[in-house]
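>>> sequence first, predicted coordinates after that:
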Number of protein chains: 2
Amino acid sequence: MTVYQATASAPVNIACIKYWGKRDTKLILPTNSSLSVTLDQDHLRSTTTSRADPSFDNDRLWLNGAEEEIKESGRLATCIKEMKRLRREVEEKDPSQPKISSYHVHISSRNNFPTAAGLASSASGFAALVSSLAALYALPSTPSELSIIARQGSGSACRSLFGGFVAWQMGSRPDGSDSLAIEVAPREHWPDIHALICVVSDDKKGTSSTSGMQRTVETSTLLQHRIKHVVPARMQAISEAIRARDFDAFARTTMQDSNQFHAVALDTDPPIFYMNDVSRAIIALIVEYNRVSVANGGKIKAAYTYDAGPNAVIYSPKENLKEIVELIIGYFPQDQPFKDPFGLFGTAGVHGKVVTGFNTAVAKPFGIGAIKGLIHTRVGDGPRVLGAEEALLGPDGLPKAT
Amino acid sequence: MTVYQATASAPVNIACIKYWGKRDTKLILPTNSSLSVTLDQDHLRSTTTSRADPSFDNDRLWLNGAEEEIKESGRLATCIKEMKRLRREVEEKDPSQPKISSYHVHISSRNNFPTAAGLASSASGFAALVSSLAALYALPSTPSELSIIARQGSGSACRSLFGGFVAWQMGSRPDGSDSLAIEVAPREHWPDIHALICVVSDDKKGTSSTSGMQRTVETSTLLQHRIKHVVPARMQAISEAIRARDFDAFARTTMQDSNQFHAVALDTDPPIFYMNDVSRAIIALIVEYNRVSVANGGKIKAAYTYDAGPNAVIYSPKENLKEIVELIIGYFPQDQPFKDPFGLFGTAGVHGKVVTGFNTAVAKPFGIGAIKGLIHTRVGDGPRVLGAEEALLGPDGLPKAT
């Protein structure tokens, strides 16, 4: 008896040009294009196993071991239905193919990062879901074609179908068939872009991005100007910066667009705040760190960016990471030793320190816990199809115990 | 021997439509019109005495008892020079007038609120300076004409030449002769608009508004849209709301424009933040307080607004002030009893409390000192000419000891 099962993993991506606003909430069609860096799956990933079996009574899904309801015409149901439709096309073209599109599926998914880290897992999660089903169904679809389906699960998930530097082209067709991800450059083009994720504590629960972005669309008097006049130029500028490996231009555009996304959130009625005093302090540190470099005839060395929460992601060429970690740790003491997965820091560990000429008064030092964790990673590859030994479903078609 | 001396006081004003950006930095011509509420001088004022005397060797000025340098072609020198020019016109028209325009002046100015309160004193200060010189020189000038001179001292000072509700019309002439303040409505039109000023502690020194607004003009890609398309409509909407005594519309526009000012500050490169976590929490409380009212079929009861700092000013009709003070004190405990200058609160004092149906989870309670002071005031009148008994200069032409 054949087991129809496949396992895939998919990466997290963090946008440099931000997605904020839908023109179609059902199909998840954005009001502007966006661009992101895919982060390394060796550090942050979602892994998903999908199985199709005639004995299954229903489509079922488990996330980190707990079953999630697949709501009728919800986002999960839409993705599964669309993937089955693509499989049916394969079966119709090639009648020798087994008719597994008619079977129910069991899906088990896990994130290797804790939910408490405050990192959005919907992008990597939907990308892994679509990738595992594409492998299960042996689809001939390209990553861009699959991105159209992942997009309907969670908008930014479409960008996790590629590694490296990825654009989500907003498209113009009402059916969303041209609203998809494309690769701007693979990770091999510019592999030494590293990222330091600062996981920031927050007392208050923020506005969900789904409801927040629609409130911005409805009430901000600045958003339409951003959409029509600012983002198109920035998409072009940052794509060129990536192709030219021009970190200075990449960083300037990244920081400006993070700021503008939070500006239109603040221009919403009632206003939406995602950054807090810790986020503001990290910005002040990076601004000062760059100022010192430029004052000494150098270039911008780091770029901060913030999604719909207080966490900072700091992009920088690999050679600056030690200085950046020393800077952050100096103002935000950690109760755990810093994990250095790349061997950049030597064996003596890393301690708080600022570069020569740094004005330490730009921020006040915080206590332990203000930044509750640091994750050092880098640009990574796209979804991976994994071997059977990595499967998350047992022989009974239920999630394996961890 | 005649003593040529006059004393005047002038009020603080807090804008509802914000001034942010100059099209001419020397003449202080703004990139957009703005509108403010003048606050009551009984609570917050600058008082200035000016004397012209042939025995004085130089123009001199003391602020709160300490002498300030009058820099050549600086803002103080410009205002004094312009006022002397108007006096000369009077003397030329009427040769019987004493030729006091040729005398040097001594000027002593005091604010009745501590600098540590973080309230901008430049608006009331320059308005009092111009008003005292206008009285000294017995000028026939209208408040709008005087506002042109106060504007050259500090832009927003022009709005403190009137009481009530005041517009600063941006004008279009290169010489600034039509960039002046006009009265939208006197305080008697809508006297029960009260204001609660929440003086918020801040660890970090913010960007000065003079340098901040020019950085926004140079780098924000959203500011021009605000200037051209958003502010003109808001100036009209809020003026109509004031004329109709429509607090709901007044409050919505005030809050939206405060948010948008901070949004364009954030859209600046590097970004400018004036609000901190305490400011954000006050916004969350006012949003929730209004939500409860609207959910119960009522109207918006309070409007927050923030200038270039973390302090909140909450505008509200008088009848809501008790609820608002109870709300603020509940989340921000005070170590001093609340001062109630209007007798609205009874003799039992005021204690923390929220209205029925209030979701207390919208903010977390802070400790003592997060809001370091509360000032309860209301819409007020324009500059006042005071009697000789209020003079701040002694017979020797030097500041009186306090």
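Cool, the structure landed. Numbers count the residues shown, from 1 in each chain, chains lettered A, B, ... in the order given.
>>> what's the local residue count around the closest residue to residue A:143 other than its chain neighbours?
Excluding its sequence neighbours, the residue lying closest to residue A:143 (CB to CB, 6 or more residues apart in numbering or on different chains) is residue A:161, at 4.3 Å. In this view, the C-beta of every residue, glycine as well, is placed from N, C-alpha and C. The number of residues packed near residue A:161 is 35, by other CB atoms under 10 Å in any protein chain shown.
>>> which residues of chain A lie near chain B?
Contacts of chain A with chain B, taken as CB under 8 Å from any CB of the partner chain, map to A:203-204, A:221-222, A:225-226, A:229-230, A:252, A:255-256, A:259-260, A:262-264, A:266-271, A:273, A:276-277, A:280, A:283-284, A:287, A:362-364.
>>> so which of the residues you listed sit within helices?
Counting by DSSP state H, the part of the residues of chain A next to chain B found in helices is A:225, A:252, A:255-256, A:259-260, A:262-264, A:266, A:277, A:280, A:283-284, A:287.
>>> which one of those sits closest to residue B:18?
Among those, residue A:266 lies closest to residue B:18 (CB to CB), at 13.2 Å.
>>> tell me the spacing between that closest one and residue B:273.
Distance, residue A:266 to residue B:273, using CB to CB, to the nearest Å: 10 Å.
>>> kindly report the same for residue A:367.
Applying CB to CB, the value for residue A:367 to residue B:273 is 21 Å.
>>> okay, these two: which has more neighbours?
Neighbours per residue (other CB under 10 Å) separate residue A:367 from residue B:273, with residue B:273 holding more: 22 against 7.
>>> pretty sure residue A:311 sits against residue A:196.
No: the pair formed by residue A:311 and residue A:196 falls short of the contact definition of CB atoms under 8 Å, at 10.8 Å.
>>> what about those two, which has more around it?
The residue with more neighbours, out of residue A:311 and residue A:196, is residue A:311; 28 against 23, by other CB under 10 Å.
>>> list the contacts of the more buried one.
Residues counted as contacts of residue A:311 (CB atoms under 8 Å, 6 or more residues apart in numbering or on different chains) are A:118-119, A:197-200, A:279.
>>> of all pairs in those residues, which one is the farthest apart?
Greatest spacing in these, by CB to CB: A:119 and A:279 (14.8 Å).
>>> hmm, back to that, overlap of the contact sets of residue A:266 and residue B:273?
Here residue A:266 and residue B:273 have B:262, B:266 as joint contacts, going by CB under 8 Å, 6+ apart.
>>> ok but residue A:182 is inside a strand, no?
Yes: Residue A:182: assigned to a strand according to DSSP: H, G, I helix; E, B strand; the rest coil.
>>> where along the stretch 101-250 of chain A do the helices fall?
Ranges of helices within the stretch 101-250 of chain A are A:122-136, A:143-153, A:209-219, A:223-225, A:231-243, A:247-266, based on DSSP state H, counting those that start in this stretch.
>>> the longest one - what's its average pLDDT?
To tie it back to what came earlier, the one meant is helix A:247-266. For helix A:247-266, the mean pLDDT works out to 98.
>>> got the angle for it vs helix A:231-243?
Following axes from the mean of the first three to the mean of the last three CA atoms, to 10 degrees, one obtains 150 degrees for the angle between helix A:247-266 and helix A:231-243.
>>> counting by contacts, list what helix A:247-266 packs against.
Under the contact criterion of 3 or more CB pairs under 8 Å, 6 or more residues apart in numbering or on different chains; DSSP states H and E, helix A:247-266 touches strand A:13-17, helix A:209-219, helix A:231-243, strand A:303-306, strand A:312-317, helix B:247-266.
>>> next one: that helix to chain centre, how far?
Taking the mean of its C-alpha atoms, helix A:247-266 sits 16 Å from the chain's own mean (CA atoms, centre = their mean, to the nearest Å).
>>> what do you get for the fourth one?
On the basis of CA atoms, centre = their mean, the separation between the geometric centre of helix A:223-225 and that of its chain is 24 Å.
>>> can you give me the buried ones in that helix?
In terms of neighbour count (16 or more other CB atoms under 10 Å in any protein chain shown), helix A:223-225 has its buried residues at A:223, A:225.
>>> go on, the second one?
Using 16+ other CB under 10 Å as the burial criterion, the residues of helix A:143-153 that qualify are A:143-144, A:146-153.
>>> what angle do it and helix A:122-136 make?
130 degrees.
>>> which strands or helices does helix A:143-153 pack on?
The contact analysis (3+ CB pairs under 8 Å, 6+ apart) places helix A:143-153 against helix A:75-93, helix A:122-136, strand A:180-185.
>>> one step back: wait, isn't the residue nearest to residue A:143 in contact with residue A:382?
Yes: if you go by CB under 8 Å, residue A:161 and residue A:382 touch, sitting 6.3 Å apart.
>>> low pLDDT regions in the stretch 1-150 of chain A?
Scanning the stretch 1-150 of chain A for pLDDT under 70 picks out A:115-118.
>>> adding distance to residue B:216 and mean neighbour count, write the helices and strands packed on helix A:143-153 out as JSON lines.
Formatted as JSON lines, these follow (distance: least, CB to CB, whole Å; neighbours: other CB atoms under 10 Å in any protein chain shown):
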{"stretch": "helix A:75-93", "distance to residue B:216": "39", "mean neighbour count": "17"}
{"stretch": "helix A:122-136", "distance to residue B:216": "33", "mean neighbour count": "28"}
{"stretch": "strand A:180-185", "distance to residue B:216": "31", "mean neighbour count": "21"}
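>>> counting neighbours, what do you get for the closest residue to chain B within the stretch 301-402 of chain A?
Closest residue of the stretch 301-402 of chain A to chain B, CB to the nearest CB: residue A:364 (5.0 Å). Residue A:364: 12 surrounding residues under other CB under 10 Å.
>>> wait, what's in contact with the nearest residue to residue A:63 once chain neighbours are set aside?
Leaving aside its sequence neighbours, residue A:63 sits nearest to residue A:109 (CB to CB, 6+ apart; 5.3 Å). By CB under 8 Å, 6+ apart, the contact list for residue A:109 reads A:46-49, A:61-64, A:125, A:128-129, A:392.
>>> how about 7 Å then?
Residues near residue A:109 by CB atoms under 7 Å, 6 or more residues apart in numbering or on different chains: A:46-48, A:62-63, A:125, A:128-129.
>>> what's the closest of these to chain B?
Lowest distance from chain B to the contacts of residue A:109 (CB to the nearest CB) belongs to residue A:63, with 25.9 Å.
>>> now that closest one: phi and psi?
Residue A:63 has phi and psi values of phi -120, psi 120 when expressed as degrees, to the nearest 10.
>>> neighbours of it, how many?
Number of residues near residue A:63 (other CB under 10 Å) recorded here: 19.
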